[in-house]
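1. Fold the stuff below for me.
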Amino acid sequence: MPPRIRLLATTTAPLGALAYSASRGVRCYAGKAKKPAASSDAEKPTAVDDDAIDLNKVARDEFNEWMSGPGRNFKKPLYNEMNYITSYDRKTWQRLGTDKDKLNVPFPLNHAFRSHPVLSEELKEEIYSRVMEGGNSVRAVSAGLGVSLERVAAVARLKAVEKEWIKEGKPIATYLTKALHTMLPVTQLSPKGQTQTFHEGLQDMQSHQFSHRQAFVPVSESRIFTRADAGKEFGLPPTEESVPHPDLIVLQREKFAGLDNTARVDMQRERDRQAMVRREEKERKEKERKEKSGQVIEKGRWAWRLTTATTGRVGFRYGVPHQDRKKGQVKIPTRVL
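-> Here you go, the predicted structure:
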């Protein structure tokens, strides 16, 4: 193994380059570095000047100067408005106006990203009231208030836990919700008689794994290839049946067909009645199946099913031990069946 060459402690830094001083342990800026005059002088190392500038101190001074100037706008959040760095003019540091869509750009280098709004407390209370107190289905509340199915179910469950904690006297941490409402866009509950603003898209559908493959299907020019045909090729139902709210598509089709509002409401009520009948029938069958299978006792996360049995007629699974672990037992077959 060849001997190692000991490196010099100082290196030659060109004009305007960064150097590291081992004695001071700080990053310094070599302001003036002499150029090698001759070949003999080029081999000699050039040390960093004693009056080098500490970049850490420069960065701290610039940060403190910025915080005492434009940075004062970001020390405290604005109530009911987004307070991002893109909400100000980078030259004059004045607000760009009142357009919430232009102000809702948290990342300066990604103008396509928008902060997702959060639900207001009034809207959460309305969701809880309709689901838990009014007895409406999660699907109906989701379609009426413009909130996804998963979010409606989550709000109903969390609100139930919150009210139970308040009844028990447990402390509720509401400061986080209040802070989020001051820094993010909020979806408010519309007054009665006005159309509720949708919180999010309701018809977003997850990509099924069956649709990830390619399928080449020869189709004649005279044939109309629909979404139902495409779903059949992948073994999936049509898109209008797979979305979370297929009834909204039916309502839109009836609107395009020219039906008046009264007829559409009556048809929707009939569909809701039929859906309720199907749900009750399903619950009745599930209850009958549980009753036939035996009595079920639930304790927390455990459930026991009790069935009637005749004393003395216990099968091989109950009370008869296996002979596999006993000594002297022949465990290989000794005869042909």
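2. alpha carbons only for contacts and neighbour counts from here, please
-> Noted.
3. Leaving out the residues flanking it, which one is nearest to residue 145?
-> residue 196 (6.0 Å; C-alpha to C-alpha, 6 or more residues apart in numbering).
4. residues touching that neighbour, list them.
-> The contact partners of residue 196, taken as C-alpha atoms under 8 Å, 6 or more residues apart in numbering, are 144, 145, 146, 189, 190.
5. Go ahead and confirm residue 201 touches residue 148.
-> Yes. Residue 201 is within contact range of residue 148, at 7.4 Å (criterion: C-alpha atoms under 8 Å).
6. ok, these two, which is more surrounded?
-> residue 148 (22 against 10; other C-alpha atoms under 10 Å).
7. residue contacts, the more buried one?
-> Listed by C-alpha under 8 Å, 6+ apart, the contact set of residue 148 reads 142, 200, 201, 202.
8. before we move on, what SS does the third one have?
-> Three-state call for residue 201 (DSSP: H, G, I helix; E, B strand; the rest coil): coil.
9. which residues touch it?
-> By C-alpha under 8 Å, 6+ apart, the contact set of residue 201 is 146, 147, 148.
10. on that earlier part again, separation between the residue nearest to residue 145 and residue 65?
-> Residue 196 sits 46 Å away from residue 65, going by C-alpha to C-alpha, to the nearest Å.
11. In contact with the spatially most central residue of the chain, which residues are there?
-> By C-alpha atoms, centre = their mean, the mean C-alpha position of the chain lies nearest to residue 116, the distance being 10.1 Å. Going by C-alpha under 8 Å, 6+ apart, residue 116 touches 184, 185.
12. Is my assumption valid that it occupies a position in a strand?
-> No. Counting by three-state DSSP, residue 116 is not part of a strand but coil.
13. For the residue lying closest to residue 139 once chain neighbours are set aside, give me the pLDDT.
-> Nearest non-adjacent residue to residue 139, counting by C-alpha to C-alpha, 6+ apart: residue 149, 6.3 Å away. We have a pLDDT of 90 for residue 149.
14. Repeat that for the one 4 residues further on.
-> As summarised for this prediction, residue 153 has a pLDDT of 93.
15. Excluding residues flanking it in the chain, which one is nearest it?
-> residue 138 (6.7 Å).
16. Show the contacting residues for the one you found.
-> 131, 149, 152, 153 are the contacts of residue 138 under C-alpha under 8 Å, 6+ apart.
17. follow-up on the earlier one: list the contacts for the residue nearest to residue 139?
-> By C-alpha under 8 Å, 6+ apart, the residues touching residue 149 are 138, 139, 142, 244.
18. So which of these belong to helices?
-> 138, 139, 142 (DSSP state H).
19. Quick one: the residues you listed as a markdown table, columns for pLDDT and distance to residue 230 too.
-> Putting those into a markdown table (pLDDT from 0 to 100; distance: C-alpha to C-alpha, whole Å) gives the following:
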| residue | pLDDT | distance to residue 230 |
| --- | --- | --- |
| 138 | 89 | 30 |
| 139 | 87 | 27 |
| 142 | 91 | 28 |
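20. re the thing from before, the residue nearest to residue 145 sits in which helix or strand?
-> Taking DSSP states H and E as the definition, residue 196 sits outside all helices and strands.
21. just the strands in the stretch 101-250 of the chain please.
-> Along the stretch 101-250 of the chain, counting by DSSP state E, counting those that start in this stretch, strands occupy 118-119, 186-187.
22. Which stretch among those strands approaches residue 84 most closely?
-> Closest to residue 84 of these is strand 186-187 (C-alpha to C-alpha; 15.7 Å).
23. pLDDT averaged over that closest one - what is it?
-> Mean predicted lDDT for strand 186-187 stands at 90.
24. Quick one: distance of that strand to the chain centre.
-> 17 Å (C-alpha atoms, centre = their mean, to the nearest Å).
25. Just checking: what are the partner strands of that strand?
-> Strand 186-187 sits in its sheet next to strand 118-119 (parallel), going by DSSP bridges.
26. okay if I get the contacts of residue 196 as a markdown table plus neighbour count and distance to residue 282?
-> Output for the contacts of residue 196, formatted as a markdown table (neighbours: other C-alpha atoms under 10 Å; distance: C-alpha to C-alpha, whole Å):
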| residue | neighbour count | distance to residue 282 |
| --- | --- | --- |
| 144 | 14 | 25 |
| 145 | 20 | 27 |
| 146 | 17 | 27 |
| 189 | 20 | 34 |
| 190 | 13 | 35 |
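27. Let's see which of these end up in helices.
-> Short answer: the contacts of residue 196 in helices (DSSP H) are 144, 145.
28. Count residues in the vicinity of residue 87, would you?
-> Per other C-alpha under 10 Å, the neighbour tally for residue 87 reads 23.
29. Is it correct that it is in contact with residue 102?
-> Yes. In this structure residue 87 lies within contact range of residue 102 using C-alpha under 8 Å: 7.4 Å.
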